[in-house]
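Visitor: okay, predicted coordinates and the sequence, questions at the end:
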Amino acid sequence: MIVIRQLCRRFSEGAGVHRVLDGANASFPAGEVAAIVGRSGSGKSTLLNLVSGIDRPDSGEVEIGGRIVTSMGEPERTLFRRAHLGFVYQFFNLIPTLDVEENVRLPLELNGIRGAAARRRSAAILADMGLADRLHSAVDRLSGGEQQRVAIARALAHEPPVVLADEPTGNLDEETASQVLRLLLALTRSRRTTLIVVTHDPSLARSADRVLELRDGKLVAGDAGTARAHARRTGMS
Ligand SMILES: Nc1ncnc2c1ncn2[C@@H]1O[C@H](COP(=O)(O)OP(=O)(O)OP(=O)(O)O)[C@@H](O)[C@H]1O
Ligand SMILES: [Mg+2]
């Protein structure tokens, strides 16, 4: 269960302030797949960064599994994030000096799973992602869709209860995007992982249990059509 309470985040802008989040509230039951939509600049990435504890709010709080993430100190937040969260970024963020399997094994090792057990798990999830024959490829030799599947495997390898994904298919063609999304949804649903995914993709929004829209700094009920309208306006579909 994730609860966001009265979350505010503002940035100074010249002489004024830009209130990006202005009292956002939401709760996400365990196992829910929630899509977040909203126009470019509405604060979607800002929101995910607050939920993951990468950034801190000016006021308000984020609770994950009964723990108030926003009142933890930096070292505690880092450990919490490592154990409980998986993050899929828009631009993969894979480590170029590590091969495919090593990229996926890293979060396991950071969680104390080592040696043969870690190798077995990283190989198994990469097989789920259709990458069994690419374990030892250099990540920069892979296609965009393959790299995104490695990024998803890395986010899910340590079986976190919560996965946050920020436009995980924003850089893929439509067919590859829908294939990658099917894999992400199949795996999170089979594990009853809570997934919060920012997307402009109406088909992903349709597959979600619920669509929320960020508007004027608040989270309001949205629908898959909202994602489509935003995608059209921003030239993303
Ligand atoms: N560190 C920062 N300093 C100043 N302004 C920031 C900072 N981070 C975000 N902003 C501003 O906050 C607003 C929301 O940014 P954010 O990246 O959350 O939007 P978004 O909804 O994810 O947009 P997109 O769909 O384009 O990714 C933008 O106007 C941005 O300029
Ligand atoms: Mg963003």
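Guide: Structure's in. What do you need? Ligands and ions are numbered 1, 2, ... in the order given.
Visitor: show the average pLDDT along the strand or helix carrying residue 127.
Guide: In this assignment (DSSP states H and E), residue 127 forms part of helix 115-128. Here helix 115-128 scores 95 as its mean pLDDT.
Visitor: try stretch 195-206
Guide: For stretch 195-206, the per-residue pLDDT averages 87.
Visitor: okay, buried residues for it please.
Guide: Under the neighbour-count criterion of 16 or more other CB atoms under 10 Å, stretch 195-206 has 195-205 buried. Heads up, the C-betas are built off the backbone N, CA and C, glycines and all.
Visitor: helices of the chain, residue ranges please.
Guide: 44-51, 74-84, 100-110, 115-128, 144-156, 174-191, 202-207, 224-233 (DSSP state H).
Visitor: now the second one: buried residues?
Guide: Of the residues in helix 74-84, those buried under the neighbour-count criterion (16+ other CB under 10 Å) are 77, 80-81, 84.
Visitor: before we move on, back to that, which of the helices of the chain sits most buried?
Guide: helix 144-156 (a mean of 24; mean count of other CB atoms under 10 Å).
Visitor: give me the angle between that helix and helix 174-191.
Guide: Calculated by axes from the mean of the first three to the mean of the last three CA atoms, to 10 degrees, helix 144-156 forms an angle of 20 degrees with helix 174-191.
Visitor: dump helix 144-156 to CSV, restricted to CA.
Guide: Once non-C-alpha atoms are left out, helix 144-156 reads as follows in CSV (Å, rounded to 0.1, in the frame of the first residue of the first chain):
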residue,chain,number,x,y,z
GLY,A,144,16.4,0.0,-27.7
GLY,A,145,13.7,-2.6,-27.0
GLU,A,146,16.3,-5.1,-25.8
GLN,A,147,17.9,-2.5,-23.5
GLN,A,148,14.5,-1.6,-22.1
ARG,A,149,13.8,-5.3,-21.4
VAL,A,150,17.2,-5.5,-19.5
ALA,A,151,16.1,-2.3,-17.6
ILE,A,152,12.8,-4.0,-16.6
ALA,A,153,14.6,-7.2,-15.6
ARG,A,154,17.0,-5.1,-13.4
ALA,A,155,14.1,-3.3,-11.8
LEU,A,156,12.2,-6.6,-11.0
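Visitor: contacts for stretch 110-127, please.
Guide: Residues lying outside stretch 110-127 but in contact with it, judged by CB atoms under 8 Å, 6 or more residues apart in numbering, are 82-83, 100-101, 104-105, 108-109, 132, 134-135, 150, 153, 156-158, 187.
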